[in-house]
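Engineer: Predicted model and sequence follow; I will ask about them next.
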Amino acid sequence: MSSPGNVSPAGARPLGDPVLRCEDLHRSLGQGEGRVHVLRGVSFAARRGEVYAMVGPSGCGKSTLLYLLGLLDVPDRGEIWIDGQQMSRDDDAARTAARCRHLGFVFQFHFLLLEFTALENVMLPMRKLGRWGPSEMQDRAHALLASVGLASKTHRLGNQLSGGEQQRVAIARALANEPSILLADEPTGNLDVRNSAMVFELLTGLARKNGQAIVVVTHNPELAARCDHTLPMRDGLFLT
Amino acid sequence: MSTNLRIALRFLTARRKAMVMSLACITLGVGLFVVTQATTTGFERFFIKTIVGTNGAIRIEDRIQETLRTMEAERGSDASGFVVEVKEGRKYIQGIQDPALLIAAVQRFANVSGTSEVLYGSVEMRSSFKNEAARVYGIHLDDHLQVSDLGRQIVRGDLADFRQTPAGTLVGVKLAERLQLEVGDSFQLQAGGEVRRYRVSAIFETGVGDIDKDRLFLHLGEARSLLRRPTGASFIQVNVVDRDRATQDAAHMEAVLGHSASSWQERERTWLDVFRALRLSTSITVSVFTLIAGIAMYNTLALVVMEKTKDIAILRSMGYTRRDVTRIFLWQAAMVLAAGAVLGCGLGAGVTYGVSLMRIRIRGIFTADHFIVAWSVWHYLAAVAISVVMVMAASLLPARRAARLEPGDIIRGTAQ
C-alpha cells in the first residue's frame, strides 16, 4: 500500500487538499474459480497540478485501479472521494454526472468516434455538460485542438488522422470540460517514440498549466521518471 | 439538433446496407398496408353505397304482435305473489295497414331524411321474345328518389318519361336483357289472371344481380290496381342522414312503431362480415412485412451495438448516461422508421392511385368496371402506427442492451 506522501519525488509540492482520494480499495475480477483478487486494499491521493505515474507489470492492477478512480467500475470494498465528495457508493447516474464534470480520460486506443471530425469529437463532452453555448463550444474546441497542434486538421474525420494525431485529439477531448482530474491509461502505448514524447509532454504540460491532477498508467520507465510521483504496483498493492 | 440525435445520425452510416434493408421492409409494410386497406375499404364502401342506394338505410315492414307475456302478480302484503313464466314470442302480420300514419310517425325521427311507401308483388312479364317471373315495385317516384339512388342507376331512358307516363315502367337491366326489351318497347304484365300492357320508360342497373334480374318499378297507383291491393303497403323504405346510426334508429323505430324495422347493417350482415374478414386478413398478411421490418431493425441495431461498444464506452466515460445511450439507438430506429413511413405512405398513395386506374369488371353484388379504392387518412395513420409499434418494440431490446454495457468492462476488454 502506498500514499502520495511517501512516494513523492523530491521537490514535488502538494497543492492543497487532494482532489482525488481512495482508501482501502478492493476489487476482484472474473467468475467462479477463475476469480482473481486484483486490488488488495489500495489507498491513494492526488493533488491538482501534479502528475502521478502508476507503473508495474501487466496484471498488477494498475488499469483496474484507474477505472475505479475514473468511476467506470465499482469497487468491492473501499471508498473514493472526488473533490471531497464520496462517490464510490453512488448510483450510476451520480457517477456518470461526476465523470462529466470532474474527469477526463485518455486511453491507449484513442477511442475517437470515427464518424465525427476532430472538432466534433472535442465538442462531444462539452455538449453533454451543457456549460457553454454552441459558438463558445466551437471556439473552445478550436483552441484546444490548436493547443495540441491540430489547428489545421479540425475538420478531418477520426479515421483521416494518424495514430499520434488521434491521441492528441483524445487529449484535447479529455481537457474539454476543464476536469479537475485527468486519467490516462497507457496514453503512449500505441505510439512511436517521437509521438510518445510529444503526446506525454502535451498531456502533462496542459494539465499542469490548468492545475489538473493527472494519473497515468504506463509501462514506459522514461515517461514515469518525468512524472512528479511514481507509484510502483505489484500484486494489487503499491510498493512503499 | 440534440446531441443524441446528432450521434444517432452518424451511427446510422455504420451499417448502411442493413439499415437500407430495414428501410425497404418498413416502406413495403406501410405501402402495402395502405394499398390493401384502400382497396378492401373501397369495395366495402361501394357495396354499402350500392345496397343503401337500392334498398334504403332502413326498411319498415310487418306489424309485430306480441303473442305471449310473462305475468307476475303484484307483490303486496295481501297478494300471493305468483309468477307465470312463459317463453315470449311474437307474430308478424304481413304488410303495413296504414302507411300514411306510419310515415308521419317515422318522419318525426331526427335522423330520417326521406321515406317512400312501396307495394310489391309477383307478376309474370311477357315480351314478344319470352316470359319471365318478375317482382313489381309500386312507388311514388319523387318519394323513392329521396330514399334511393334510382336516379343515378338509370342506364338508358329517362325518368321524366316515367314520371309523365301512367303506364311507364323502370325495368332492371338484366330483366330487360332477358326479355330483349329496350327503352320505348311494350310488354305485358300478368297478375291474378289480368293482363295489362306497359312501356319501358327507362332501364336501371343497381349492380346487385338479384335485383337487376327481376325488379321493375311501376307508379304506386298502377301497382295497386294491377296487384288488386287498393290500400296498405308492403314496406316503407327510409333514408337517414347518418347511415352509421341506422341500427340504433331501426331498433328505436321497432320499439316505438310496433313494426319490424331492419337496418342495412342487419340486412347485409353476411356480406359485411365477409368484407370485414377480408380487410382483417389482408391487414394481418401485409403486417408480416412490418414484422419482418421489426426483426430486420432488431438485427441491424444488435450489429451496430456490437460494432459500437467502444464508442458506447467512450460516451459513457464522457458522462453520457444509460438513457442517452438508449436514446441514441432508439433515434436510429426512429429515423429509419420515419423515412420508411414517409416513403411507405408515398408508395401506398402511388400504388393506390395506379390500382384505381386498373380495369376490372365486377358484376353480382355491385357493378364496377375498375378497381374501387377509398382514400382515407386513417389507412395511413394505421399503417404508420403498426410500423411504429413493431419497429420501436424490436429496437428497444438492442438499445437497452447497449445502455446496460459497462464502460469499464469494454475498455478493459479492449485493452487486454
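Structural biologist: Yes, it's here. Numbering: from 1, shown residues only, chains lettered A, B, ... in the order given.

Engineer: The residue nearest to B:Ala167 when sequence neighbours are not counted: helix or strand, and which one exactly?
Structural biologist: In this structure, B:Ala167 finds its nearest non-sequential neighbour in B:Tyr198, 4.9 Å apart by Cβ to Cβ, 6 or more residues apart in numbering or on different chains. C-beta: built from backbone N, CA, C; applies to glycine. Secondary structure from DSSP states H and E places B:Tyr198 in strand B:194-204.

Engineer: What are the contacting residues of the helix or strand following that strand?
Structural biologist: Note on strand B:194-204: by DSSP H and E, the next helix or strand toward the C-terminus is helix B:209-212. Contacts to helix B:209-212, defined as Cβ atoms under 8 Å, 6 or more residues apart in numbering or on different chains, come from residues B:54, B:172-175, B:204-206, B:363-365.

Engineer: just these now: which is nearest chain A?
Structural biologist: Chain A lies nearest to B:Ile365 out of those, by Cβ to the nearest Cβ, at 58.0 Å.

Engineer: for the closest one, phi and psi?
Structural biologist: Backbone torsions of B:Ile365, given as degrees, to the nearest 10, read phi -90, psi -20.

Engineer: beta partners of the most centrally placed residue in chain A?
Structural biologist: Residue closest to the average C-alpha location in chain A (Cα atoms, centre = their mean): A:Leu183, at 0.9 Å. Here A:Leu183 shows beta-bridge partners A:Phe105, A:Val215, assigned using DSSP bridges.

Engineer: Check which helices and strands the strand holding B:Tyr198 sits against.
Structural biologist: For strand B:194-204, the packing partners by 3 or more Cβ pairs under 8 Å, 6 or more residues apart in numbering or on different chains; DSSP states H and E come out as strand B:154-157, helix B:159-164, strand B:168-172, helix B:173-178, strand B:186-191.

Engineer: change it to 6 Å
Structural biologist: strand B:154-157, helix B:159-164, strand B:168-172, strand B:186-191 (3 or more Cβ pairs under 6 Å, 6 or more residues apart in numbering or on different chains; DSSP states H and E).

Engineer: Of those, which is nearest B:Leu405?
Structural biologist: strand B:154-157 (71.6 Å; Cβ to Cβ).

Engineer: Could you give the separation of that closest one from the chain centroid?
Structural biologist: Its chain's C-alpha centre and that of strand B:154-157 lie 27 Å apart, by Cα atoms, centre = their mean, to the nearest Å.

Engineer: For the nearest residue to B:His140 once chain neighbours are set aside, list the residues it contacts.
Structural biologist: Among residues not flanking B:His140 along the chain, B:Leu220 sits closest, at 5.4 Å (Cβ to Cβ, 6+ apart). When contacts are counted by Cβ atoms under 6 Å, 6 or more residues apart in numbering or on different chains, B:Leu220 touches B:138-140.

Engineer: The residue nearest to the centre of chain A against A:Ile214, yeah?
Structural biologist: No. Using Cβ atoms under 6 Å, A:Leu183 is not in contact with A:Ile214, being 7.9 Å away.

Engineer: just the strands in the stretch 301-416 of chain B please.
Structural biologist: Using DSSP state E, counting those that start in this stretch, the strands assigned to the stretch 301-416 of chain B run over residues B:359-362, B:368-370.

Engineer: Output the ones you listed in JSON lines; the columns should cover distance to chain A, mean neighbour count and mean pLDDT.
Structural biologist: Compiled in JSON lines, those are given as follows (distance: least, Cβ to the nearest Cβ, whole Å; neighbours: other Cβ atoms under 10 Å in any protein chain shown; pLDDT from 0 to 100):
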{"stretch": "strand B:359-362", "distance to chain A": "51", "mean neighbour count": "10", "mean pLDDT": "81"}
{"stretch": "strand B:368-370", "distance to chain A": "50", "mean neighbour count": "14", "mean pLDDT": "80"}
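
Engineer: what's the distance between the nearest residue to B:Arg363 once chain neighbours are set aside and A:Thr218?
Structural biologist: Distance criterion Cβ to Cβ, 6+ apart; nearest residue to B:Arg363, sequence neighbours excluded, is B:Gly209 at 6.3 Å. Distance, B:Gly209 to A:Thr218, by Cβ to Cβ, to the nearest Å: 91 Å.
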